[in-house]
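In: the sequence isn't on hand, but the structure is:
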């Protein structure tokens, strides 16, 4: 986790990177497909940016993913972690 940033930001960024790499996208190709800047995607993946729901939707759609499958990762299993 990046010091000083919330765990959720780190987890969202890690999940984006995981799916992006699994689908053989570069940050540049994801940026082009999502309409977002490559440096923004880099900052999100590294947990340094708090992504908006709208930007997350653009990325999820560009990765041919759904919100359900995106958040089904163990990264987001917070039961018993309160």
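Out: Cool, got the structure. Predicted model only: the values in this text are computed from it and were never measured. Numbers count the residues shown, from 1 in each chain.

In: in this protein, which residue is closest to the centre?
Out: Among the residues of the chain, the one closest to the centroid is residue 16, at 3.1 Å (Cα atoms, centre = their mean).

In: need the contact list for that one.
Out: Contacts for residue 16 (Cβ atoms under 8 Å, 6 or more residues apart in numbering) come out as 41, 44-45, 59, 63. C-beta coordinates here come from the backbone N, C-alpha and C atoms, glycine included.

In: what about 10 Å?
Out: Taking Cβ atoms under 10 Å, 6 or more residues apart in numbering, we find residue 16 in contact with 25, 27, 30, 41, 44-45, 51, 56, 59-60, 63, 65, 70.

In: and residue 53, what does it touch?
Out: Applying Cβ under 10 Å, 6+ apart to residue 53 gives the contacts residue 67.

In: neighbours of residue 18, how many?
Out: When neighbours are counted by other Cβ atoms under 10 Å, residue 18 registers 14.
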